[in-house]
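[1] Dropping the sequence and predicted coords here.
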Amino acid sequence: MEVGAVWAAAEAPFEALRRNVLANVYYDVQALYGLMPWHWYLSTLLQYWGGLAAVMLPLCLIGAVRLPQPFVASLLIALTYSIFGRKEFRFVYQAILLAIIVRGFGLAQLVRWIVDAMYGKGWTRHRASLAACAWYWS
């Protein structure tokens with residue numbers, strides 16, 4: 001019974017993607033709901049996040065070194081849904097969640113680099129960690 005549950009859960013994330021591709025390519029559902037340009041997801045996120053996007057993108061790239069699979073999955077999901085004219089944010093929630101997780105690892109790596117640099121200059125690791133976190137939250 002556990003094997004069946006694991007097997008069903010493993011296919012669930014890609015089922016929504018498969019249905020969307022089928023509906024938009026085969027049945028041309030996108031023509032019924034209106035069409036958006038290919039860059040709509042990116043331009044809308046930049047509009048919502050504003051200047052914070054300039055911080056999030058480098059953190060995401062740093063985190064991609066530690067977690068390449070979620071980063072690539074996030075890109076593939078966003079690129080796949082960008083192909084179709086019908087766009088809604090609910091289609092890319094999975095990609096946004098994966099990108100946020102990767103950004104978290106990027107932030108952790110950045111703090112680690114700062115702590116290592118401060119430790120090399122004679123700070124204790126505890127004080128360097130507190131200073132790096134205080135710098136980030138200031």
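    Looks like it came in fine. Residues are numbered from 1 along each chain as shown.

[2] The strand or helix carrying residue 105 - contacts with which helices or strands?
    Assigned by DSSP states H and E, residue 105 falls within helix 93-120. Where contact means 3 or more C-beta pairs under 8 Å, 6 or more residues apart in numbering; DSSP states H and E, helix 93-120 is packed against helix 53-66, helix 68-83, helix 125-137. For the C-beta atoms, the positions are set from N, CA and C on the backbone; glycine is no exception.

[3] Could you check the pLDDT of the spatially most central residue of the chain?
    With distances taken as C-alpha atoms, centre = their mean, residue 99 lies nearest the centre of the chain, 1.3 Å away. If you check residue 99, the pLDDT there is 94.

[4] Please tell me how far it sits from residue 52.
    Using C-beta to C-beta, to the nearest Å, one gets 13 Å for the distance from residue 99 to residue 52.

[5] what pLDDT, on average, does the strand or helix carrying residue 18 get?
    In this assignment (DSSP H and E), residue 18 forms part of helix 2-21. When pLDDT is averaged over helix 2-21, the result is 63.

[6] need the next SSE after that helix, C-terminal direction.
    Using DSSP H and E, the first helix or strand after helix 2-21 is helix 30-33.

[7] which residues sit against that next one?
    24, 84, 85, 86 (C-beta atoms under 8 Å, 6 or more residues apart in numbering).
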